[in-house]
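[1] Next input, structure requested:
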Amino acid sequence: MSNAWYLYLFFAAALVLAGLLGLLLNRNLIRLFIAIEVVGKGVSLLLLSTGFAKGSILTAQALVVTYIVIEVSLVATALALIINVYRHGKSLDVRGLAKLKG
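    Below you'll find the predicted structure:
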């Protein structure tokens with residue numbers, strides 16, 4: 001059980017890589033937002049696994065809870081912006097955002 005943090009580290013790296021791959025391959029704003037969230041969850045799992053490995057799990061948990069609280073406001077703001085982009089342009093394609101220039 002003492003080497004279980006390697007498994008957490010592996011899955012954290014897999015989540016970060018999957019999110020980065022999603023960022024590179026998608027042009028839809030919703031899919032890009034989901035990919036960013038996957039990267040964020042991978043980073044929070046990475047924080048927890050390093051805290052578990054170093055024996056300071058309480059500090060890592062405090063960091064992750066703070067990250068989650070901040071992320072809630074970011075999610076609400078990002079989704080509001082995505083909804084406004086869709087209402088204005090009737091498309092969620094990133095390439096169509098050039099029309100929004102003033």
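
[2] quick one: average pLDDT of the strand or helix carrying L23?
    Take DSSP states H and E as the rule and L23 turns out to sit in helix 5-25. Averaging pLDDT along helix 5-25 yields 93.

[3] residues contacting the residue lying closest to L92 once chain neighbours are set aside?
    For L92, ignoring the flanking residues on the chain, the nearest one in space by Cβ to Cβ, 6 or more residues apart in numbering is L29 at 4.4 Å. C-beta: built from backbone N, CA, C; applies to glycine. Going by Cβ atoms under 8 Å, 6 or more residues apart in numbering, L29 touches 82, 85-86, 92-94.

[4] Looking at the chain, which helix is longest?
    In the chain, assigned by DSSP state H, the helix with the most residues is helix 57-89.

[5] circling back: give me the phi and psi angles of the residue nearest to L92.
    phi -60, psi -40 (degrees, to the nearest 10).

[6] Please tell me how far the most centrally placed residue in the chain sits from L81.
    In the chain, the residue lying closest to the centroid (Cα atoms, centre = their mean) is E37, at 2.3 Å. Distance of E37 to L81, computed by Cβ to Cβ, to the nearest Å: 15 Å.
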